[in-house]
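> below is the sequence, then the predicted model.
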Amino acid sequence: MKIRILLGLNIILCMVCLFISCRIFWNMGIFVDEYNLSPNIIVGGDIWLMMDWLRLFLLFMILIFSAIIFFFLKRIEKIEITKNNIQNNKEKRST
C-alpha cells in the first residue's frame, strides 16, 4: 500500500513539473514572438534549445511510466505472489 501512495505522489509531482515546464516554454514562445527573437537566443544556443525539448520529453515519459506502474501494480504483485508460491511448492517437493 505504501508503494502505491509513493507512486501516486510521484505521478502528481511529475504532472506539476511537466505543467510548470510547459508553461515556461510557452511563455518563452510568446516572448520570442513579441520581440522578434529566436528561441536559440533566449536559451543560449541550439544545444540548450534541444535540452529544453529533451526535458519536456523526459518529464512526459516519466509521467507515463509512473502511471503505467501505478495502474498495473496489482497485476505485477499477483505475478510475484504466484512465482513465490511455485518456488515454495518446488522446494517442498524436493525435500
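The structure has been received and is ready for your questions. Numbers count the residues shown, from 1 in each chain.

> how close does the spatially most central residue of the chain get to residue 48?
Closest residue to the average C-alpha location of the chain: residue 62 at 1.2 Å, with CA atoms, centre = their mean. Distance, residue 62 to residue 48, by CB to CB, to the nearest Å: 21 Å. Where you see a C-beta, it was placed from the backbone N, CA and C, and this is true even at glycine.

> swap in residue 37?
From residue 37 to residue 48 the distance is 14 Å (CB to CB).

> swap in residue 70?
Per CB to CB, residue 70 is found 32 Å from residue 48.

> those two: which is more packed in?
residue 70 (16 against 12; other CB atoms under 10 Å).

> for residue 37, helix, strand, or coil?
State at residue 37, reduced to three classes by DSSP: H, G, I helix; E, B strand; the rest coil: coil.

> for this structure, give me the ranges with low pLDDT.
By pLDDT under 70, the low-scoring segments of the chain are 1, 76-87, 89-91, 94-95.

> try it again at 50.
The model of the chain has no residue with pLDDT under 50.

> report the buried residues of stretch 17-37.
Residues of stretch 17-37 classed as buried under the neighbour-count rule (16 or more other CB atoms under 10 Å) are 18, 21, 28, 32.

> is residue 28 in contact with residue 39, as I believe?
Yes: with contact defined as CB atoms under 8 Å, residue 28 reaches residue 39; the gap is 6.4 Å.

> any idea which element residue 33 lies in?
According to DSSP states H and E, residue 33 maps onto helix 2-34.

> can you name the next helix or strand after that helix?
Helices and strands here follow DSSP H and E; after helix 2-34, the next one along the chain is helix 39-43.

> next one: that next one to chain centre, how far?
26 Å (CA atoms, centre = their mean, to the nearest Å).

> return the distance of the helix holding residue 33 from the chain's centre.
10 Å.
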